[in-house]
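1. next come a sequence and a model predicted from it.
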Amino acid sequence: MTDEETIINLYRQENKAMVEKNIVKLNEILAPSMQLRHMTGYLQQKLEWIDQIQNGEMKYFSSVEENIKDVHVDGDSASLIGQNRVKASVWGSGVATWPLQMKMEFTKSNGKWVITNQYASTY
């Protein structure tokens with residue numbers, strides 16, 4: 001598998017793990033220092049995000065991929081932009097479906113790619 005295919009696969013694994021509440025998988029593919037910047041501007045650390053998925057504060061019902069673009073690999077750093085229709089209930093809100101765009105950054109460490117930063121917006 002090429003590096004480009006690997007980071008695309010990580011993006012897809014994360015979306016699947018969010019919906020399935022697969023905390024083990026999320027821990028595996030997210031760097032310990034991973035940060036997620038939400039649409040609201042809130043900057044969330046990995047463990048807080050995982051905890052909120054686990055306890056249902058952030059509940060993902062489905063994530064349907066529509067597009068992956070701007071895939072770049074430069075040595076041990078990479079990025080992409082993914083666009084999914086995400087059905088979720090976050091922080092007590094009602095269930096809604098958002099056209100969610102994620103700019104994702106990745107780092108390769110000891111031969112393994114992990115997700116390091118994520119920036120959420122809509123498209």
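-> Perfect, I can see it now.
2. Asn117 against Glu105, yeah?
-> Yes - contact criterion Cβ atoms under 8 Å: Asn117 and Glu105 qualify, at 4.2 Å. Quick note: C-beta positions are derived from backbone N, CA and C, even for glycine.
3. any idea how far the residue nearest the centre of the chain is from Ile115?
-> The structure's the chain has its C-alpha centroid closest to Glu14; by Cα atoms, centre = their mean the separation is 5.2 Å. As judged by Cβ to Cβ, to the nearest Å, Glu14 and Ile115 stand 6 Å apart.
4. what's the overlap in contacts for those two?
-> Taking Cβ atoms under 8 Å, 6 or more residues apart in numbering as the contact rule, Glu14 and Ile115 both touch 29-30.
5. roughly how far out does stretch 89-109 sit from the chain middle?
-> Mean-position distance between stretch 89-109 and its chain equals 6 Å (Cα atoms, centre = their mean, to the nearest Å).
6. just stretch 109-121 next, same as before
-> Counting by Cα atoms, centre = their mean, stretch 109-121 comes out at 9 Å from the chain centroid.
7. also stretch 114-123?
-> 6 Å.
8. same check, this time on stretch 64-73
-> 12 Å.
9. of all the residues in that stretch, which ones are buried?
-> Buried residues in stretch 64-73, counted by 16 or more other Cβ atoms under 10 Å: 68, 71, 73.
10. all helices of this protein, in order?
-> 3-20, 23-29, 46-55 (DSSP state H).
11. using CSV, write out every CA atom in the second one.
-> These are the backbone C-alpha positions of helix 23-29, laid out as CSV (Å, rounded to 0.1, in the frame of the first residue of the first chain):
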residue,chain,number,x,y,z
ILE,A,23,-12.3,3.4,21.0
VAL,A,24,-9.5,0.9,20.6
LYS,A,25,-9.3,1.7,16.9
LEU,A,26,-9.4,5.5,17.5
ASN,A,27,-6.6,5.2,20.1
GLU,A,28,-4.5,3.2,17.6
ILE,A,29,-4.9,5.6,14.6
